[in-house]
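> Mind looking at a prediction? Sequence and model below.
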Amino acid sequence: MTVTSHYNVGVLALQGAFIEHIHHFQQCVDDFPQATFTFLEVRTPEQLGSCDALVIPGGESTSISLIAERTGLLTPLFEFVKTGKPIWGTCAGLIFLSKQVINGRQGQQLLGGMDIEVKRNAFGRQLDSFITDLDFSSFVPGCDKFPTVFIRAPVVSQILHGDGDHKEGVIYSKNDYVNDATVEVLHRLDSGLLVAVRQGNKLGTSFHPELSDDVAFHRWFLEEFVVSG
């Protein structure tokens, strides 16, 4: 008898490109005959509590954190990080998932799920938004020419080792979560800028796979983090 597993994959739906993530995931379900999925928009603690994995979409990181705080979702998000369930942050979601951010905004909150420092709007005004084909085949099978969308993108400016000294002008997460996994560098641009990292079952990307017409990244997340995890 074939055993089918079911997974609830949530997309934080406070602000940003959450619908696009759900549409991309829905295009992947036929590739998983041994699994069924519910892809849900997450706006309440109850919805978050039902999730087996969470995606934090691109948008505006300060707005996402302020809305989460105002709607009573910030503390449940802190706790969700501590459950060890898979989380993927894209662009603004990468910022929100990080432990600290430089050039952040007053009042901005961070989930502290990954031991990384992130720099907002790292490409500057001249490269505010651009699309480039990148080779991710070293970790996403067959994904050697992915149309990668960067929009006012952050980058990982530092991989952290321990708490370190607090620096002026840096926003720090208030979450006391400890991620025991090692931060893996998944992709650097030719310029050396770090745009994709993994730490255990936490994934961060500077770019917007949900705005590409290719679902390979979403398929890989389901396979590597949700179904196999």
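Arrived safely, thanks for sending.

> what helix or strand does the residue nearest the centre of the chain sit in?
By CA atoms, centre = their mean, the chain has its centre lying nearest to residue 89, at 0.9 Å. Here residue 89, judged by DSSP states H and E, is contained in strand 87-90.

> Please enumerate residues in contact with that strand?
17, 21, 53-58, 80-81, 95-98, 111, 113, 201-205, 207-210, 221, 225 (CB atoms under 8 Å, 6 or more residues apart in numbering). Where you see a C-beta, it was placed from the backbone N, CA and C, and this is true even at glycine.

> in its sheet, what does it sit against?
Partners of strand 87-90 in the sheet, by DSSP bridges, are strand 53-56 (parallel), strand 202-205 (parallel).

> nearest to residue 156, of those strands?
strand 202-205 (7.1 Å; CB to CB).

> how distant is whichever helix or strand comes after that closest one from the center of its chain?
Moving toward the C-terminus from strand 202-205, the next helix or strand (DSSP H and E) is helix 216-221. From the chain centre to the centre of helix 216-221 is a distance of 13 Å (CA atoms, centre = their mean, to the nearest Å).

> in helix 216-221, what counts as buried?
By neighbour count on 16 or more other CB atoms under 10 Å, the buried set for helix 216-221 is 216, 217, 218, 219, 220, 221.

> Strands of this protein, residue ranges please.
Secondary structure of the chain (DSSP state E): strands located at 5-12, 35-42, 53-56, 87-90, 98-102, 114-119, 129-134, 146-151, 155-159, 170-172, 183-188, 194-199, 202-205.

> May I see these organised as CSV, with mean pLDDT and distance to residue 27 added?
Rendered in CSV, the data for the strands of the chain read as follows (pLDDT from 0 to 100; distance: least, CB to CB, whole Å):
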stretch, mean pLDDT, distance to residue 27
strand 5-12, 98, 13
strand 35-42, 98, 11
strand 53-56, 99, 15
strand 87-90, 98, 16
strand 98-102, 95, 29
strand 114-119, 96, 27
strand 129-134, 93, 20
strand 146-151, 94, 15
strand 155-159, 95, 28
strand 170-172, 93, 36
strand 183-188, 98, 22
strand 194-199, 98, 21
strand 202-205, 98, 18
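
> what's in contact with stretch 11-31?
Counting by CB under 8 Å, 6+ apart, 9, 36-37, 39-43, 54-60, 63-64, 67-68, 71, 73, 77, 90, 92-93, 208-211, 215, 218-219, 222-223 sit against stretch 11-31.

> and the closest residue to residue 197 other than its chain neighbours, how many residues sit next to it?
Once flanking residues are discounted, residue 197 sits nearest to residue 204: 5.0 Å by CB to CB, 6 or more residues apart in numbering. As a burial measure, residue 204 scores 30 neighbours (other CB atoms under 10 Å).

> Return the distance of the residue nearest to residue 159 when sequence neighbours are not counted relative to residue 115.
On the basis of CB to CB, 6+ apart, the spatially nearest residue to residue 159 that is not a chain neighbour turns out to be residue 183, at 4.8 Å. Per CB to CB, to the nearest Å, residue 183 is found 6 Å from residue 115.

> Those two: who's more crowded?
Shown here are residue 183 and residue 115; by other CB under 10 Å, residue 115 has more neighbours (23 against 20).

> need the contact list for the more buried one.
Residue 115 touches 99, 159, 160, 161, 179, 183, 199, counting by CB under 8 Å, 6+ apart.
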